[in-house]
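Trainee: Please work out how this folds:
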Amino acid sequence: MIGKLTGRYAGEAGDGSILIDVGGVGYVVRVAQPPLVSSLPIEGAPISFYIHTAVREDAIDLYGFPSRDALSFFKTLMSVSGIGPKTALGIMSGGDIPSLRQAIARGDVTSLVKLYSIGKKNAERLVVELKDKILLSVRDNGTAFVGETTTIDDTSEILDALEALGYSASECRRAVLAIPASAITLQDRIAYTLKEMGNSRRV
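Mentor: Residues are numbered from 1 along each chain as shown. All right, here's what the predicted structure looks like:
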């Protein structure tokens with residue numbers, strides 16, 4: 001079983017995968033998108049990923065993550081019934097891990113469905129099976145969620161408001177995920193997303 005690969009970036013391999021050249025051997029590794037792809041080095045540059053090896057009857061698939069924490073959260077997602085490695089990677093491609101943890105911990109099924117493209121049943125399973133685990137981990141580590149003073153439940157309100165203005169689901173998703181922790185009130189959060197929408201359409 002492969003736990004980590006350190007070599008040189010050899011380009012994209014298609015279907016959300018990249019090639020890592022280790023001593024002349026090219027390993028095809030599936031990575032989350034867009035957070036990882038946007039930060040990949042130029043071809044030939046050093047690269048290192050923590051690896052989850054998924055063994056099937058007809059294939060061996062490698063899933064790569066830039067940190068132990070990301071790999072650990074990937075495995076946490078897979079511990080939920082009905083969530084396999086491809087689905088877990090797709091969920092993580094929706095945005096940053098702290099925001100995803102926060103949505104699960106607060107039971108925000110609507111945001112999980114709209115922001116992370118998770119089916120409703122899977123979103124409900126994530127909340128039911130992981131909510132208490134995440135809250136317990138946060139309590140034991142003495143940490144707080146990013147932007148914890150905000151009301152995460154207002155995310156669905158913001159999404160509905162933006163969609164009512166005619167913005168596409170993908171545009172709404174990108175804008176909401178980009179809301180900074182400094183945007184405390186609902187009014188601040190809506191104002192920020194509208195500004196982001198305006199900027200993106202002017203580009």
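Trainee: Can you mark which positions in whichever helix or strand residue 156 is part of are buried?
Mentor: Here residue 156 is covered by helix 154-164, with elements defined by DSSP states H and E. Neighbour counts over helix 154-164 (16 or more other CB atoms under 10 Å) mark 154-156, 158-159, 161-162 as buried. Using the backbone N, CA and C atoms, a C-beta is placed for each residue, glycine as well.
Trainee: what does stretch 94-111 give?
Mentor: Within stretch 94-111, the residues scored as buried using 16+ other CB under 10 Å are 94-95, 97, 99-111.
Trainee: between those, which is nearest residue 69?
Mentor: Residue 69 lies nearest to residue 97 out of those, by CB to CB, at 7.1 Å.
Trainee: got a list of contacts for the longest helix out of those in the chain?
Mentor: What stands out as the longest helix in the chain, according to DSSP state H, is helix 120-141. Residues outside helix 120-141 that contact it (CB atoms under 8 Å, 6 or more residues apart in numbering): 76-77, 79-83, 87, 101, 104-105, 107-109, 112-113, 116, 118, 144-145.
Trainee: Tell me the first helix or strand C-terminal of the helix holding residue 156.
Mentor: Next along the chain after helix 154-164, taking DSSP H and E as the criterion, comes helix 169-177.
Trainee: That next one - contacts with which helices or strands?
Mentor: Using 3 or more CB pairs under 8 Å, 6 or more residues apart in numbering; DSSP states H and E, the elements in contact with helix 169-177 are helix 109-116, helix 154-164, helix 186-202.
Trainee: Tell me which helix or strand residue 63 sits in.
Mentor: Under the criterion of DSSP H and E, residue 63 resides in strand 60-65.
Trainee: what's next to that strand, contact-wise?
Mentor: Outside strand 60-65, the residues that touch it by CB under 8 Å, 6+ apart are 2, 5, 18, 20, 27-32, 36, 49-54, 71, 74, 85, 89.
Trainee: next helix or strand past that strand?
Mentor: Following strand 60-65 in sequence order, the next helix or strand is helix 68-78 (DSSP H and E).
Trainee: could you give me the average pLDDT of the helix or strand just after that following helix?
Mentor: Note on helix 68-78: by DSSP H and E, the next helix or strand toward the C-terminus is helix 85-92. Taken as a whole, helix 85-92 has a mean pLDDT of 92.
Trainee: If we go by neighbour counts, what in helix 85-92 is buried?
Mentor: Buried-residue list, helix 85-92, by 16+ other CB under 10 Å: 85, 87-92.
Trainee: still on that earlier bit, rebuild the helices and strands packed on helix 169-177 as a markdown table, extending it with mean pLDDT.
Mentor: What follows is these, written out as a markdown table (pLDDT from 0 to 100):
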| stretch | mean pLDDT |
| --- | --- |
| helix 109-116 | 85 |
| helix 154-164 | 78 |
| helix 186-202 | 77 |
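Trainee: circling back to that earlier point, so which of the buried residues of stretch 94-111 sit within strands?
Mentor: If you go by DSSP state E, these have nothing in strands.
Trainee: and those residues, which two are the farthest apart?
Mentor: So, those by CB to CB: farthest apart are 97 and 110, at 19.5 Å.
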